[in-house]
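Participant: From the sequence below, what's the structure:
(one chain, ligands or ions: 2)
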Amino acid sequence: MYMYKVIYRRKPTLLEWFPFFYLILNRMLRIAIQTKGRLNEQSVELLREAGVIIKEEKRKFLMRAANFPVEILFLRDDDIPQTVAMGAADLGIVGYNEVAERGYEVDILQYLGFGGCRISLAVPKNVQYNGLDYFNGKRIATSYPNVLQRFFDEKGITAKIHTITGSVEIAPAAGLADAIFDIVSSGGTLISNGLVEVEQVLHSEAVLIGTPQLCEEKMNIVRQLMSRFDSVQKGYGKKYLVLNLPSSALDEAVKILPAMRSPTVIPLAQSGWCSLQTVVDEKELWDIIERLKAIGAEGILVLALEKIVL
Ligand code: ATP
Ligand code: MG
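Facilitator: Ligands and ions are numbered 1, 2, ... in the order given. Okay, here's the model as predicted:
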């Protein structure tokens, strides 16, 4: 399995450049995001949390952000790597799978922690699968022919790759293919089409991509944005915990609580009591709460946490 690795790269042809020339004139930093679809909402949300506000009500193809010196370009996700490679947008938010498939020359600047999925090989559930050799001479339907071809080349498999855009998962039942290579997240679509996932080939999530060789002026804004994205991401899955505790149980509580340095302790007006404040991982939240209650904690508040700036 190869992860986060772009092997296949190509430069856009002059013809592909043509529609973008008018966008390449000198201008402010431009970020391409998906117009609609699975990554749109979280891209807009990430930008909003980083202080780049897009006024949804009068949305256009190209929009100036309200309070940050950037423009947002709304595109189909397929077109984002090419647009960034050409410099018609300086940055893009897109699934790593699209970057790997399209093969344009872009820099992967940051993994963004959403849009997680994998591209996997799946076969009909009634076939006997006993390893990659199964795919030799088979017909595989996919929207990711380049990623698949590279994987097969690496593994020495010779198969017939059929490129299909649209519902790849119905190809085996329709007699068009013996197997598929497609995006999987929960696996529900595979099950409902009588398929089983047999090889996970590429893991993907949304990434921030950039045009190679951005000028220093734009790079400064990019660094600022990336540091804001980082703060937002650090807040994902975290909660802020506030509680009251008998001071005698403080040492015990400090052992239970994780904290960025150590928990904040504030004395209460009532003597012998203190208030503790700290950041906890949502996954450990209930376990921590139960252990704190067992040593006398009360008045426990769990608050949403937006960003962590270290
Ligand atoms: P567009 O109209 O912009 O071309 P699309 O239909 O090609 O959109 P979407 O289905 O909106 O694409 O998916 C966008 C991205 O979301 C994918 O490229 C992938 O990175 C990510 N993703 C996460 N989970 C899934 C999933 N279960 N199915 C498809 N894509 C997923
Ligand atoms: Mg698409």
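
Participant: what about the residue nearest to Ala259 when sequence neighbours are not counted, neighbour count?
Facilitator: Closest residue in space to Ala259, ignoring its immediate chain neighbours: Thr278 at 4.4 Å, by Cβ to Cβ, 6 or more residues apart in numbering. Yep, even glycine has a C-beta here, placed from its N, CA and C like the rest. By the criterion of other Cβ atoms under 10 Å, Thr278 has 22 neighbours.

Participant: Doesn't Thr278 lie inside a strand?
Facilitator: Yes. Membership of Thr278 in a strand is supported by DSSP: H, G, I helix; E, B strand; the rest coil.

Participant: Would you enumerate the residues in contact with the residue nearest to Val84 when sequence neighbours are not counted?
Facilitator: Leaving aside its chain neighbours, Val84 sits nearest to Gly92 (4.2 Å; criterion: Cβ to Cβ, 6+ apart). Taking Cβ atoms under 8 Å, 6 or more residues apart in numbering, we find Gly92 in contact with 31-33, 80-81, 83-84, 106, 208-210.

Participant: can you tell me the helix or strand for the residue nearest to Thr142 when sequence neighbours are not counted?
Facilitator: Nearest residue to Thr142, sequence neighbours excluded (Cβ to Cβ, 6+ apart): Phe181, at 3.8 Å. Element membership for Phe181 (DSSP states H and E) is strand 179-184.

Participant: same thing with Ala89?
Facilitator: Per DSSP H and E, there is no helix or strand for Ala89.

Participant: Just the strands from the stretch 101-250 of the chain, written as ranges.
Facilitator: 107-111, 117-124, 139-142, 160-163, 179-184, 195-204, 206-210, 238-246 (DSSP state E, counting those that start in this stretch).

Participant: Show me the one of those that comes nearest ligand 2.
Facilitator: Closest to ligand 2 of the strands of the stretch 101-250 of the chain is strand 179-184 (Cβ to the ion; 10.6 Å).

Participant: quick one: contacts of that closest one?
Facilitator: By Cβ under 8 Å, 6+ apart, the residues outside strand 179-184 that reach it are 97, 117-124, 134-135, 138-144, 147-148, 161, 168-169, 171-172, 190, 195, 197, 200-201, 204.

Participant: Keep these, but drop any that are not near ligand 1.
Facilitator: The subset of the contacts of strand 179-184 within reach of ligand 1, by Cβ under 6 Å from any ligand atom, is 97, 117, 204.

Participant: How far away from the center of its chain is stretch 68-75?
Facilitator: In terms of Cα atoms, centre = their mean, to the nearest Å, the centre of stretch 68-75 is set 19 Å apart from its chain centre.

Participant: Now it: buried residues?
Facilitator: Buried positions in stretch 68-75, judged by neighbour count with 16 or more other Cβ atoms under 10 Å: 68, 70-75.

Participant: Is it possible to get the strands of the stretch 101-250 of the chain out as JSON lines so that each row also shows mean neighbour count and mean pLDDT?
Facilitator: Formatted as JSON lines, these follow (neighbours: other Cβ atoms under 10 Å; pLDDT from 0 to 100):
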{"stretch": "strand 107-111", "mean neighbour count": "17", "mean pLDDT": "97"}
{"stretch": "strand 117-124", "mean neighbour count": "22", "mean pLDDT": "97"}
{"stretch": "strand 139-142", "mean neighbour count": "23", "mean pLDDT": "98"}
{"stretch": "strand 160-163", "mean neighbour count": "15", "mean pLDDT": "96"}
{"stretch": "strand 179-184", "mean neighbour count": "24", "mean pLDDT": "96"}
{"stretch": "strand 195-204", "mean neighbour count": "19", "mean pLDDT": "97"}
{"stretch": "strand 206-210", "mean neighbour count": "24", "mean pLDDT": "98"}
{"stretch": "strand 238-246", "mean neighbour count": "18", "mean pLDDT": "94"}
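
Participant: Export the ones you listed to TSV and append columns for distance to Val52.
Facilitator: Formatted as TSV, the strands of the stretch 101-250 of the chain follow (distance: least, Cβ to Cβ, whole Å):
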stretch	distance to Val52
strand 107-111	15
strand 117-124	25
strand 139-142	35
strand 160-163	36
strand 179-184	28
strand 195-204	24
strand 206-210	12
strand 238-246	22
